[in-house]
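Novice: please work out how this folds:
(one chain, ligands or ions: 1)
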Amino acid sequence: MILGQIMPDSMRRRTISHRPATFHKRDLHAVVSGVRGDIRFNAPLREYTSFRIGGPADVLVTPAEEADLCRLVRQSRVAKIPIFVLGGTNLLVRDKGIRGVVVSLAKLTAVKDDGDSVVYAEGGVGMPTLMRHAIGRSLSGLEWAAGIPGTVAGCVIMNAGTRLGQMQDVVKAVRVVDAAGRIVEWPASSIRFSYRRARLPRGVIAGVWLQLKPASRERIQTVVKDYLAYRKATQPLTLPNAGCVFKNPGRETAGRLIEAAGLKGLRVGDAHVSEKHANFIVNRGRARAADVIALIKKVGRTVETQTGVTLELELKIVGQP
Ligand code: EPU
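Specialist: Coordinates of the predicted model:
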């Protein structure tokens with residue numbers, strides 16, 4: 001079977017695309033040949049996203065080590081098959097899934113100290129793990145991320161952040177597998193960070209150096225504890241979701257605007273605007289991506305009509321339309 005793929009803008013940034021994006025499904029076997037790790041064909045991505053939504057990946061690869069990631073990238077370039085790196089938390093994967101290779105960094109989970117309050121984390125390290133490491137070393141700088149479930153690589157790409165801070169504040173450098181499958185290291189100055197967005201030289205983030213600073217462990221723990229409690233009280237963390245759906249427009253907050261428009265509880269299928277925080281959509285069972293997209297459109301249109309504010313998506317929507 002020949003598969004064609006046109007990548008939407010939202011996907012391009014985390015994709016190493018090799019033109020032409022048309023390939024034979026059997027070429028997928030060549031792409032994963034010799035790559036150690038988990039390899040799953042027709043992998044239902046709903047099992048790998050925080051939203052519990054998403055169609056299949058042609059093949060989902062979880063490389064065992066950085067060298068396997070390099071090999072995978074190299075072989076995909078030879079076969080001209082696109083690669084998409086699955087972040088999984090601020091993401092909606094469409095119902096038809098993702099063509100080509102989807103990579104999970106879930107096995108790249110090493111964390112080590114690298115002198116002078118610098119911590120190096122491989123791309124697949126979860127933010128909660130990283131935070132525990134920092135607390136254990138009495139290092140401050142990640143408190144803002146308390147409760148963010150994503151990987152450190154995903155958080156760099158998104159320039160994830162909260163009221164207390166953002167990724168940009170702590171990234172010192174990144175280690176990237178470039179389109180040719182080579183390791184390249186880029187200082188933070190080569191990354192263009194903006195609100196919930198980072199533009200870096202093309203590639204897959206294999207690891208991140210974070211510049212933290214020494215502080216009292218008790219103080220760090222207090223901030224983290226208070227912040228976690230705040231999020232638990234104000235966000236629907238017990239239901240599958242993908243974090244905030246819209247960016248905050250200027251000084252306003254999307255949550256306040258959506259609530260003021262009377263949209264809390266609005267639903268399409270099993271996709272509901274959260275009653276707890278209006279800028280969250282929750283999956284109350286078997287929501288499809290199409291339901292979420294229809295709901296997003298309704299919310300966007302209503303807020304625009306009522307307030308004149310056009311909400312911009314924070315959530316990344318990827319996959320075959
Ligand atoms: N608000 C409402 N109704 C709602 C939700 C919020 O009126 O349904 C009001 C609150 O009462 C408050 C204000 O909006 O006065 C701000 O709410 P909140 O503190 O929850 O912050 P937010 O601006 O809605 C931001 C980030 C969150 C992050 C929280 C907590 C964005 C788009 N959102 O939300 O990040 O967790 O602060 O720091 O930047 C995410 O990025 O995925 C995310 C959830």
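
Novice: host element of Leu257?
Specialist: When elements are assigned from DSSP states H and E, Leu257 belongs to helix 254-260.

Novice: pLDDT averaged over that helix - what is it?
Specialist: Mean pLDDT, helix 254-260: 98.

Novice: do stretch 158-176 as well
Specialist: 95.

Novice: how about it: buried residues?
Specialist: Neighbour-count burial for stretch 158-176, counted by 16 or more other Cβ atoms under 10 Å, picks out 158-162, 166-176. C-beta: built from backbone N, CA, C; applies to glycine.

Novice: please apply the same query to stretch 123-130.
Specialist: Buried positions in stretch 123-130, judged by neighbour count with 16+ other Cβ under 10 Å: 123-127, 130.

Novice: tell me the one among the buried residues of stretch 158-176 nearest to the ligand.
Specialist: The nearest member of these to the ligand, counting by Cβ to the nearest ligand atom, is Thr162 at 3.3 Å.

Novice: excluding its backbone neighbours, what's nearest the closest one?
Specialist: Closest residue to Thr162 apart from its sequence neighbours, by Cβ to Cβ, 6 or more residues apart in numbering: Trp144 at 4.8 Å.

Novice: spell out which parts of the stretch 1-150 of the chain neighbour the ligand.
Specialist: Asn90 (Cβ under 6 Å from any ligand atom).

Novice: contact partners for the residue in the stretch 1-150 of the chain that the ligand sits nearest to?
Specialist: Among all residues of the stretch 1-150 of the chain, Asn90 sits closest to the ligand, at 5.7 Å; criterion: Cβ to the nearest ligand atom. Asn90 sits next to 150, 154, 158, 160, 242-244, 314-316 when contact means Cβ atoms under 8 Å, 6 or more residues apart in numbering.

Novice: contacting residues for the closest residue to Leu45 other than its chain neighbours?
Specialist: In this structure, Leu45 finds its nearest non-sequential neighbour in Gly54, 3.5 Å apart by Cβ to Cβ, 6+ apart. Listed by Cβ under 8 Å, 6+ apart, the contact set of Gly54 reads 44-46, 48, 92-95, 97, 289, 319.

Novice: just the ones in strands from those residues, please.
Specialist: 44, 92-93 (DSSP state E).

Novice: what about burial for the residues you listed, which qualify?
Specialist: 92-93.

Novice: tabulate the ones in strands among the contacts of Gly54 in a markdown table, adding columns for distance to Arg284 and pLDDT.
Specialist: Listed next are these as a markdown table, based on distance: Cβ to Cβ, whole Å; pLDDT from 0 to 100:
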| residue | distance to Arg284 | pLDDT |
| --- | --- | --- |
| Pro44 | 19 | 98 |
| Leu92 | 15 | 97 |
| Val93 | 18 | 97 |
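
Novice: just the pLDDT for Pro149.
Specialist: Looking at Pro149, its pLDDT reads 86.

Novice: tell me how many other residues crowd it.
Specialist: 16 (other Cβ atoms under 10 Å).

Novice: before we move on, what about the one 4 residues further on?
Specialist: In terms of burial, Ala153 registers 26 neighbours under the definition other Cβ under 10 Å.

Novice: looks to me like it is in a helix.
Specialist: Yes: applying DSSP: H, G, I helix; E, B strand; the rest coil, one finds Ala153 inside a helix.

Novice: I'd assumed Gly123 was in contact with it.
Specialist: Yes: contact criterion Cβ atoms under 8 Å: Ala153 and Gly123 qualify, at 3.3 Å.

Novice: for the stretch 151-300 of the chain, give me the ranges with low pLDDT.
Specialist: For the stretch 151-300 of the chain, not a single residue meets the criterion pLDDT under 70.

Novice: ok, which stretches of it are helices?
Specialist: For the stretch 151-300 of the chain, helices defined by DSSP state H, counting those that start in this stretch occupy the ranges 152-158, 217-234, 254-260, 289-307.

Novice: could those be laid out in JSON lines, adding distance to the ligand?
Specialist: Converted to JSON lines, those look like this (distance: least, Cβ to the nearest ligand atom, whole Å):
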{"stretch": "helix 152-158", "distance to the ligand": "8"}
{"stretch": "helix 217-234", "distance to the ligand": "5"}
{"stretch": "helix 254-260", "distance to the ligand": "3"}
{"stretch": "helix 289-307", "distance to the ligand": "12"}
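
Novice: for these, which one ends up most surrounded?
Specialist: Stretch with highest mean neighbour count among the helices of the stretch 151-300 of the chain: helix 152-158 (a mean of 27; mean count of other Cβ atoms under 10 Å).

Novice: check the offset of that one from the chain's centre.
Specialist: Centroid separation between helix 152-158 and its chain, computed with Cα atoms, centre = their mean, to the nearest Å, is 6 Å.
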